[in-house]
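S.K.: fold the stuff below for me.
(4 chains)
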Number of protein chains: 4
Amino acid sequence: MSVAEKLLKGPAEVPFDIMRVAYCVLVVRDLDASLHFYEELLGLRLIERDDEVAYLKGWEERQHHSLVLRVGPEAAVERIGFRVRSDADLDALAAWYEEHGGTVRSGDADLRGMHGRTLRVWDHLGTPLEYYTGMEQQPTVLQEYHRHRGAPIMRFDHVNLHSARAEEAIVHWQQLGFRCSEYISTDTQPERVTGAWFLRKPTVHDVALTAGRGPRLHHFAMWVAEAGGILRLCDQLGGAHWTHAIERGPGRHGVSNAFFVYLRDPDGHRIELYTSDYYTGDPDHQPLRWSVNDPRCRSFWGTRAPDSWYDESSLLLGPDGRTVPTQEATVDERDQKSEVLA
Amino acid sequence: MSVAEKLLKGPAEVPFDIMRVAYCVLVVRDLDASLHFYEELLGLRLIERDDEVAYLKGWEERQHHSLVLRVGPEAAVERIGFRVRSDADLDALAAWYEEHGGTVRSGDADLRGMHGRTLRVWDHLGTPLEYYTGMEQQPTVLQEYHRHRGAPIMRFDHVNLHSARAEEAIVHWQQLGFRCSEYISTDTQPERVTGAWFLRKPTVHDVALTAGRGPRLHHFAMWVAEAGGILRLCDQLGGAHWTHAIERGPGRHGVSNAFFVYLRDPDGHRIELYTSDYYTGDPDHQPLRWSVNDPRCRSFWGTRAPDSWYDESSLLLGPDGRTVPTQEATVDERDQKSEVLA
Amino acid sequence: MSVAEKLLKGPAEVPFDIMRVAYCVLVVRDLDASLHFYEELLGLRLIERDDEVAYLKGWEERQHHSLVLRVGPEAAVERIGFRVRSDADLDALAAWYEEHGGTVRSGDADLRGMHGRTLRVWDHLGTPLEYYTGMEQQPTVLQEYHRHRGAPIMRFDHVNLHSARAEEAIVHWQQLGFRCSEYISTDTQPERVTGAWFLRKPTVHDVALTAGRGPRLHHFAMWVAEAGGILRLCDQLGGAHWTHAIERGPGRHGVSNAFFVYLRDPDGHRIELYTSDYYTGDPDHQPLRWSVNDPRCRSFWGTRAPDSWYDESSLLLGPDGRTVPTQEATVDERDQKSEVLA
Amino acid sequence: MSVAEKLLKGPAEVPFDIMRVAYCVLVVRDLDASLHFYEELLGLRLIERDDEVAYLKGWEERQHHSLVLRVGPEAAVERIGFRVRSDADLDALAAWYEEHGGTVRSGDADLRGMHGRTLRVWDHLGTPLEYYTGMEQQPTVLQEYHRHRGAPIMRFDHVNLHSARAEEAIVHWQQLGFRCSEYISTDTQPERVTGAWFLRKPTVHDVALTAGRGPRLHHFAMWVAEAGGILRLCDQLGGAHWTHAIERGPGRHGVSNAFFVYLRDPDGHRIELYTSDYYTGDPDHQPLRWSVNDPRCRSFWGTRAPDSWYDESSLLLGPDGRTVPTQEATVDERDQKSEVLA
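M.R.: Predicted structure coming up:
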């Protein structure tokens, strides 16, 4: 069965309930510089910080954090957090990953504001994950409109991972119980899937897997209330002489129908501000296929992405605290030039 | 335990999985007039129609319909549809309603575009419901932007029911497994809950119960992509000399943070166009309380609702095909004047 | 010739060049309270202040001020400023007003930031005016997007005056060389004009004259870049518990096609935030007529204005520094009830 | 005196009153294809057409036309129309151009919907111009919102001309009485002006002169009511598989603060949809200078323009009906690479 056929067949039945992706922890080199970007310019709310680590969240969120910044010598992604329903899910996930070649560490949460146990995992692809069951609740600031600045960044939405062997990664996440909403594939025989958008919560995605030197984090994305909020942020970045932080957009993806802008933080980590999602919760919701040769697939409005958007991504931290080595992708999927490399 | 305490305690555990509210069937007196309103002016997509019945849906939706209009002698609400996961859920729901005083009819779907069995229910409050497991899939027209007209109405979002004995209705829906996102209550002792917003899908609501002569349907709501789309529709209604169809808004509710406009269709059925939802899927997501005396509760921008918005609602059809008799509410909850009547 | 016929005939030829309305000076009782409203909440830029007077301007403006607030014992309008091209215009205007029953005072500018001579006038209707030829230039802050707060209030746009004898006032302003863009009139015989929108700069208006107890200032208006900016400000006012300051809207006028919101400042002065103007500079641009009975005239979306919007206005200061006595209007022109009173 | 100093000194005094740029006449090869683009996709209103020529206008406009399309063998610009106040202005302009090396033809208007005489001019730089005094009035369709499609294109705004010897062209237009709102210049000694924005109506511009192979028309621009309308049009072009027509944007220019998108019509003519203007009518309004090396000058959000945007423009028709020969520019002014060529 081809990977595309597997995607159409639907997610695997699994004995645990992953509810959604909920946060990521980034290693940054200068915490003040990062907070200037995320808090002052983008308008995320700072919940707490010290010299080493800062916890931020979006306007509507009530969890203690959805973005954690930790000081380190080299920019990297420390972990990506997923909420599960209960401790039993943590145990079932530990067993599942052990069976699927992952590295597993179970124990008490080490981030602030988190309750009870968590499960740290590095899957066999090298992705640093954390599963958790609950977090300290903070008041929502959604309606404190007079105190907002930056963009109306509401909540953590998804992560996008660059995978050297994208099809292998795609099958892996499907086996983990994720449903595919959209995918890109070649018009060749055999058909090669170059990207897939996977969900647990009923939006377009929690995790996207796309072809590229990997494993790396291409971006994490926060959901913004309105396209106008993204335009306004671009104006504010221009006003503040931070034009250089705008890498791509604003624009519209064909895939996912996202209205987007991609920014690079002071360490080069890429954040997508994202709006225009749709509901995917019906069990018979079928994946949409895009041809890699459709010019509207990546850019519904035709603007070419800069090469950096295809080539640059954030390194991941392995279980030894060192960055995970990367490999070149087997498919190069970009606007106006797509080729199967292997 | 007071009703407010019950809401804070969380939904009942139930042996079925109601996924979301998905459609309603309205009785209208003149199908062409109704289609002029919903299809031509509002821009819903017509999937099929004959002389008696018409099936419409929003731009992003893939289900065969989310609004069904059936010709009849008197405007009324025939049924409100909820999706469940499987046939086993239909059976479990039939048992539950029989235990809780509902009238139950199980059988093959009688609406077009629907698969297999459905369960018709009239709960003991008089609400006509239909539970179903799947529908014929239609292509999404989300990205056919050049063919759209009216407002960017994406999908069915929720219904709001007027209940004479609101607290009883609120407890009933909580027992059915719905979680409360927000509620309004008096500052009196004992505290009286005058409205509650209940969800199954992780948005602010699938069903709201509010105090008013009932049982009646106050409104059904479709989700719109952006506030600007609502403004544009108001302009279009003005341009088409349909200003009289705009009953309230555009404006912002404090409750639910909805940016809204309320329209009345040619039969007086009320439709809310609604945007600015938030995510409620975390199991520890706590209900927000609003005081009935907070001027921002109903109108975050202060504009008074017209009396019609509090007083008028659509009658419901009972199992005998006749409209369900209504009773006066025990609490009158409106801007600037709220009182406990009984 | 009826007043409507005069409006259609076009403005009088006059020996001076009034360029535009440019500022107003309001008497307020508590300068800190007023600045909290105009600077903190609305986002106007404060240029300078002392204990007695404050000078503010919009984001794009380069003139020293477009709103001046002066402390006094009673809320009132001290003057409305109009720019003329040259000193010769001041002299010609002085002569004109002396001929037309006005009270004229010529002299050096007494407001800060203004150059040279100005001409203070109280026309025979009681309106306090100031004509001037230039102002100190300030840097525009248009592109300092990261420093903005409140609404994108760009510039002073117009004033709206309540006139007891509206037709007399309308003829007066036309004689002063103002062109009419739109007017409202009764369907009676003889036709009575109840409001007229007059311009010098090529927008919909610099001055509107409307029927109402007068002479009073109904409102002054600042131009906002986008409708979304007005919605955002309403949210901010709600967030800051200033919902009570929102008197009417947001909404759309049929007349002028304005997307508007009307706010009341801490002294009750009414400010309109206004967007969606159109170009009126062609010499053959004809006035549009609205029937006072057209429900779309005042409210293109149908929402009724509260009575306060028709009944309340700011008193004007006369040449003796006392408020000008007012008279009841001869026509009552409001939504859903319009009558000729005299 | 350097060109920059001349710009700061203000426009020449001239014995005629050019009121604004008002239309252009384009030669297109396939009128149906062009109308599909301008009328069906963009939403301009078609006033009249035959097999040879079509007349269109924006939503708010009342003049008979602001865009005229004429069939011809080769895409080109036939003329650019400017409104003057009176016939006396036509005579004074004829004299002025004869003195300044232009080719002048006076006579009755040959376009439909125009009154009386017009003055055709080819200035010494090769630009085909037409001065006129009035046009047949059409009803505005501004408030027929329910009939609109495409973008809210309100009115003709400006033209942008590519000039081989930009400084010469800039001085020429200033001598014609145009005021400069903004200009771009090199940081070299001597300073070279590479672009200037000139106005007669009190907006940012009627005519811009920019360095490039010329004389050619870089683009004409229509004013759009809101940024959201530009985003919506891009979505519609994507939906209609016209993504290839979007050349640059949407984005924000530093110069002029324009929120823009540039489209190419089926003949390659470039149209800018433009919003976010500001008022420039005060006589002491000073030009803003931008350094050609400021990355925010052309792109406030940092997105690079494609080379086609700098290199391609529409040819002009000379008095003999043949395209005017072009010369390479003496300065190459583009994002991230700017050089003085001569």
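S.K.: residue A:123 contacts residue A:131, correct?
M.R.: No. Between residue A:123 and residue A:131 there is no contact under CB atoms under 8 Å: 11.6 Å. All C-beta atoms are positioned from the backbone trio N, CA, C, and that covers glycine.
S.K.: what parts of the stretch 151-300 of chain A come near chain C?
M.R.: Within the stretch 151-300 of chain A, the residues that sit near chain C (CB under 8 Å from any CB of the partner chain) are A:226, A:228, A:232, A:235, A:236, A:237, A:238, A:239, A:240.
S.K.: cutoff 10 Å now
M.R.: Contact residues, the stretch 151-300 of chain A versus chain C (CB under 10 Å from any CB of the partner chain): A:152, A:226-229, A:231-242.
S.K.: ok, now the stretch 1-150 of chain A?
M.R.: By CB under 10 Å from any CB, the residues of the stretch 1-150 of chain A that approach chain C are A:40, A:41, A:141, A:142, A:143, A:144, A:145, A:146, A:147, A:148, A:149, A:150.
S.K.: turn those residues into a markdown table, including neighbour count.
M.R.: Shown next, in a markdown table, are the residues of the stretch 1-150 of chain A next to chain C (neighbours: other CB atoms under 10 Å in any protein chain shown):
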| residue | neighbour count |
| --- | --- |
| A:40 | 14 |
| A:41 | 21 |
| A:141 | 17 |
| A:142 | 21 |
| A:143 | 19 |
| A:144 | 16 |
| A:145 | 21 |
| A:146 | 18 |
| A:147 | 13 |
| A:148 | 21 |
| A:149 | 15 |
| A:150 | 21 |
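S.K.: send me the helix or strand bottoming out on mean pLDDT in chain A as CSV with only the CA atoms.
M.R.: Ranked by mean pLDDT, DSSP states H and E, the helix or strand of chain A with the weakest confidence is strand A:337-340, at a mean of 70. The C-alpha trace of strand A:337-340 is given here as CSV (Å, rounded to 0.1, in the frame of the first residue of the first chain):
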residue,chain,number,x,y,z
LYS,A,337,11.1,23.3,-8.7
SER,A,338,10.4,19.9,-7.2
GLU,A,339,12.4,16.8,-7.6
VAL,A,340,12.8,13.4,-6.3
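S.K.: buried sites along it?
M.R.: residue A:338 (16 or more other CB atoms under 10 Å in any protein chain shown).
S.K.: what strands line up against it, and which way round?
M.R.: Strand A:337-340 sits in its sheet next to strand A:331-334 (antiparallel), going by DSSP bridges.
S.K.: next one: the partner strand to chain centre, how far?
M.R.: Chain-centre distance of strand A:331-334: 19 Å, with CA atoms, centre = their mean, to the nearest Å.
S.K.: surely residue A:93 and residue A:16 touch.
M.R.: Yes. Counting by CB atoms under 10 Å, residue A:16 is a contact partner of residue A:93 at 5.1 Å.
S.K.: and the residue of the stretch 1-150 of chain A nearest chain B?
M.R.: Residue nearest to chain B within the stretch 1-150 of chain A: residue A:60 (4.5 Å; CB to the nearest CB).
S.K.: what's the neighbour count on that residue?
M.R.: Neighbourhood size, residue A:60 [other CB atoms under 10 Å in any protein chain shown]: 21.
S.K.: part of a helix, is it?
M.R.: No. Using DSSP: H, G, I helix; E, B strand; the rest coil, the assignment for residue A:60 is coil, not a helix.
S.K.: isn't it right up against residue A:152?
M.R.: Yes. Between residue A:60 and residue A:152 there is a contact under CB under 10 Å: 9.1 Å.
S.K.: intersection of neighbour lists for these two?
M.R.: By the contact definition CB atoms under 10 Å, 6 or more residues apart in numbering or on different chains, residue A:60 and residue A:152 are jointly contacted by A:142, A:223, A:225, B:276.
S.K.: mind checking the SS state of the first one?
M.R.: In the three-state summary, residue A:142 is assigned as coil, counting by three-state DSSP.
S.K.: any idea how far chain C is from the nearest residue to it once chain neighbours are set aside?
M.R.: Leaving aside its sequence neighbours, residue A:142 sits nearest to residue A:60 (CB to CB, 6 or more residues apart in numbering or on different chains; 4.4 Å). Distance, residue A:60 to chain C, by CB to the nearest CB, to the nearest Å: 13 Å.
S.K.: what does the pLDDT read for residue A:60?
M.R.: For residue A:60, the pLDDT comes out at 98.
S.K.: contacting residues around it?
M.R.: Residues near residue A:60 by CB under 10 Å, 6+ apart: A:140-143, A:152-155, A:223, A:225, B:257, B:276-280.
S.K.: list the contacts for the closest residue in space to residue A:242 that isn't next to it in sequence?
M.R.: Sequence neighbours aside, residue A:41 is the residue nearest to residue A:242 in space, at 6.2 Å (criterion: CB to CB, 6+ apart). By CB under 10 Å, 6+ apart, the residues touching residue A:41 are A:35, A:149-151, A:233, A:236-237, A:240, A:242, A:245, A:263, A:265, C:146.
S.K.: specify the local secondary structure of the most centrally placed residue in chain A.
M.R.: Nearest to the mean C-alpha position of chain A, counting by CA atoms, centre = their mean, stands residue A:159 at 0.7 Å. State at residue A:159, reduced to three classes by three-state DSSP: strand.
S.K.: ok, now residue A:273?
M.R.: Applying three-state DSSP: residue A:273 is strand.
S.K.: so it touches residue A:222, yeah?
M.R.: Yes. With contact defined as CB under 10 Å, residue A:273 counts as touching residue A:222 (5.9 Å).
S.K.: for the closest residue to residue A:9 other than its chain neighbours, list the residues it contacts.
M.R.: In space, and not counting its chain neighbours, residue A:9 is closest to residue A:1: 7.5 Å by CB to CB, 6+ apart. The contact partners of residue A:1, taken as CB under 10 Å, 6+ apart, are A:8, A:9, A:171.
S.K.: and residue A:315, how many neighbours?
M.R.: 21.
S.K.: helix or strand for it, which one?
M.R.: Residue A:315 belongs to strand A:314-315 when elements are defined using DSSP states H and E.
S.K.: can you check residue A:181 too?
M.R.: Per DSSP H and E: residue A:181 is located in strand A:179-185.
S.K.: quick check: next helix or strand after that strand?
M.R.: As assigned by DSSP H and E, the chain's next helix or strand after strand A:179-185 is strand A:193-199.
S.K.: what packs against that next one?
M.R.: Counting contacts by 3 or more CB pairs under 10 Å, 6 or more residues apart in numbering or on different chains; DSSP states H and E, strand A:193-199 packs against helix A:3-9, strand A:18-28, strand A:153-163, helix A:166-175, strand A:179-185, strand A:207-211, strand A:288-291, strand A:331-334.
S.K.: could you list the residues of the stretch 101-250 of chain A in contact with chain B?
M.R.: So far as CB under 10 Å from any CB goes, the stretch 101-250 of chain A lies against chain B at A:115, A:133-137, A:139-140, A:142-143, A:145, A:152, A:154-157, A:200-203, A:223, A:225-228.
S.K.: list buried residues within these.
M.R.: Buried members of these, scored by 16+ other CB under 10 Å, are A:133-135, A:140, A:142-143, A:145, A:152, A:154-157, A:200-203, A:223, A:225-228.
S.K.: tell me the contacts of the nearest residue to the residue nearest to the centre of chain A once chain neighbours are set aside?
M.R.: The shortest distance from residue A:159 to any non-neighbouring residue, by CB to CB, 6+ apart, is to residue A:220 (4.9 Å). By CB under 10 Å, 6+ apart, the contact set of residue A:220 is A:21, A:23-24, A:26, A:66-67, A:77, A:80, A:156-160, A:269-272, A:314.
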